[in-house]
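J.: just to be clear, the model below is a prediction. Sequence and coordinates:
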Amino acid sequence: MADYQAPLRDMRFVLNEVFDAPSLWASLPKVAENVDPETADAILEEAGKICGGVLAPLNREGDEQGSSWNDGEVTAPEGFKEAYQTIVEGGWNGLGGNPEFGGMGMPKTLVAQFEEMMQGANMAFGLAPMLTAGACLAMDAHASQELKEKYLPNMYSGVWSGAMDLTEPHAGTDLGIIRTKAEPNGDGSFNVTGTKIFITWGEHDMAENIIHLVLAKLPDAPKGPKGISLFLVPKFLVNDDGSLGERNTLSCGSIEKKMGIKASATCVMNFDGAKGWLVGEENKGLAAMFTMMNYERLGVGIQGIGAAEASLQSAREYAMERIQSRAPTGAQQPEKAADPILVHPDVRRMLLTMKSYVEGGRAFSTYVAQWLDIAKYADDDERREHAEGMVALLTPVAKAFLTDRGLETCIAGQQVFGGHGFIREWGQEQLVRDCRITQIYEGTNGIQALDLMGRKVVASQGKLYELFAQDLAAFIEVNSGDEALRPFLEPLAAAFERLSDVTDFVINQAGDNPDVVGAASVDYLDLFGLTALGYMWAKIAKTAAPKAADDASGFYSGKVKTARFYFDRLLPKTVSLAEAIRSGSDSMMALTADEF
Ligand SMILES: Cc1cc2nc3c(=O)[nH]c(=O)nc-3n(C[C@H](O)[C@H](O)[C@H](O)COP(=O)(O)OP(=O)(O)OC[C@H]3O[C@@H](n4cnc5c(N)ncnc54)[C@H](O)[C@@H]3O)c2cc1C
């Protein structure tokens, strides 16, 4: 398998050329204080070295060894502790963190590139810094000043890691029915009791302390989601001077055996009156946790792109080296026994599909990150509110569409290898296994689709959709005079019209038939994602086309040609999706339980 190399050339293209991120950063004073184009470039370069040189080489061995559990202690695979130390020494955990507590204050547009490299190099490892950064974000937004001062500096540095404890054996999607309890001690602390399952890196030996953010219910809390509070529960209690005190009464009962991301420990966590502190307000824990989850959801989408990029790198190289059969148009390399498989249209279909989703997906995650930066840092209330609306609308699309396409890409990469893709040696089968979880955790993709269709589109009566629609319409309008862009803008405008039509269709039907939303949602998210990617590919083509003629490397001309493939071969899927959505919910709801 090709060694994973951070795709720095493409990341620089997306950041600097497609989105002109340096101008965005300069327009946000709090961001401009911390980053300029040179600093950003140096960060990308260094991140690329660490991800390619330190994390990627541990990926396969980590999968083979897995984390191990012994009497409550969890040991990460060989080399992970040292690699984690490298991440700590570089301050990478706090790259996007609040500088007041030791973070580096870098914009999400830049941090997203680092996250993609880390996940592409080693997804199981990457989950630890990702969860820590998410926990820090929730604490920074909701915890008291005292808790922030006590915990955030060591979490941003990575000396302490973070974990997110929501799921219980009987409660995954429906967190309203959790049973974990928190009893007040009368001194500002609480005793937390209950069992959480599937807690990623809930226990391990890489960090000195582990800070759990735990959802639990106070005595007499209202039933359902409105009775959930969020608590900070450390593995080791922390003394007033910041040193580590006694071990808290929480323990890891076991770790799961699982399909992929085997190096990461997936823990059963038992809390036996463990001491914890409230984060945010009583009974508002779900809202506080959503700060973390929204961050993680884009992060999980980025995991999809990271795995897909790794798969593409290796499949592209293989397709150029593996020789089988002759090209349909006649021998391309007559001196050899056969031609490289790259000559075959079907192999090209697979590689171009992969390239379309990876590079278009990278642009889309950067687009969403751009709105996250504006939402967090803009001085102007109106600009911030507008960006918050965009983030709310686009987060479920980023999570579900990028992970669905991520797995599709990894499977295509495996297919390019034929039988060798099924064999361990080439790495493709691990990517397929690792990537699969991204569709499931952080809210299944089905739940993301319901969030998009129900909570975001229908509940706002299309107002949030309008924000995206206006942005896309403005792009089409501004570029309508550009002849070179016509082959891209015309199909994009048609897909956009299709998406707007079915948006109206579902909003209109939802009042009369509550099943319509759930029946449409997954297809709707797909249609939305394909159209959004069309928008990204049109932006990419607009940026690359003027530079294509003078570029001997083929980078820019390759972009324009891939855009053509996307519009010819992938965007048309929106036609069948729109048709399926219009069929409503009848055929889905007609069967009785017996008829299944
Ligand atoms: C490897 C791994 C790591 C994880 N890491 C963490 C972690 O760090 N912290 C943490 O708290 N959790 C973690 N999880 C848990 C994960 O987030 C949940 O498994 C996931 O949210 C789904 O919950 P569930 O498994 O209980 O499935 P269920 O909620 O039982 O869902 C089963 C199926 O029903 C569907 N469904 C459920 N409700 C609805 C509905 N209302 N409408 C339509 N469809 C519905 C779901 O989409 C799904 O297809 C992890 C899980 C795994 C496997």
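T.: Alright, I've got the coordinates.
J.: low-confidence ranges in the protein?
T.: Along the chain, the model assigns pLDDT under 70 to residues 1-2, 295.
J.: residues of it that sit close to the ligand?
T.: Counting by CB under 6 Å from any ligand atom, the residues of the chain close to the ligand are 164-167, 172-173, 198-200, 258, 266, 437, 440-444, 446-447, 450. No exception for glycine: its C-beta is placed from N, CA and C like everyone else's.
J.: buried subset of those residues?
T.: 164-167, 172, 198-200, 266, 437, 441-443, 446-447, 450 (16 or more other CB atoms under 10 Å).
J.: report the closest residue of the stretch 451-596 of the chain relative to the ligand.
T.: Nearest residue of the stretch 451-596 of the chain to the ligand: Gly518, at 6.1 Å (CB to the nearest ligand atom).
J.: other SSEs contacting the helix or strand that residue falls within?
T.: Gly518 belongs to helix 515-548 when assigned by DSSP states H and E. Packing partners of helix 515-548 (3 or more CB pairs under 8 Å, 6 or more residues apart in numbering; DSSP states H and E): helix 345-377, helix 381-416, helix 445-450, helix 463-478, helix 486-510, helix 555-565, helix 573-582, helix 586-589.
J.: what ranges do the helices span in the stretch 1-150 of the chain?
T.: Secondary structure of the stretch 1-150 of the chain (DSSP state H, counting those that start in this stretch): helices at 8-12, 21-27, 29-32, 37-50, 59-65, 80-89, 108-121, 123-142, 145-157.
J.: can you list contacts of the fifth one?
T.: Same thing as helix 59-65. 4, 77-80, 121-125, 260, 262-263, 427, 430, 434 (CB atoms under 8 Å, 6 or more residues apart in numbering).
J.: please report phi then psi for the residue of the chain found nearest the ligand.
T.: Among the residues of the chain, Gly172 lies closest to the ligand, at 1.7 Å counting by CB to the nearest ligand atom. Phi and psi for Gly172, reported as degrees, to the nearest 10, are phi -120, psi -80.
J.: phi and psi next, for Ala207.
T.: phi -120, psi 160.
J.: count the neighbours of it for me.
T.: 24 (other CB atoms under 10 Å).
J.: quick one: contacts for it?
T.: Taking CB under 8 Å, 6+ apart as the criterion, Ala207 is in contact with 84, 128, 158-161.
J.: are any of these buried, and which?
T.: Buried members of the contacts of Ala207, counted by 16+ other CB under 10 Å: 84, 128, 158, 160-161.
J.: I'd like the residues you listed as TSV, with distance to Arg384 appended.
T.: TSV is the format used below for the buried ones among the contacts of Ala207 (distance: CB to CB, whole Å):
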residue	distance to Arg384
Tyr84	35
Ala128	31
Gly158	30
Trp160	31
Ser161	31
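J.: quick one: which of those residues is nearest Pro37?
T.: Gly158 (26.3 Å; CB to CB).
J.: quick one: residues contacting that closest one.
T.: With CB under 8 Å, 6+ apart, Gly158 has these contacts: 84, 87-88, 91-94, 129, 132, 207.
J.: buried among those residues? Need that as a selection in PyMOL.
T.: Listed next is the PyMOL selection for buried residues among the contacts of Gly158, using 16+ other CB under 10 Å:
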select buried, resi 84+87+88+92+93+94+129+132+207
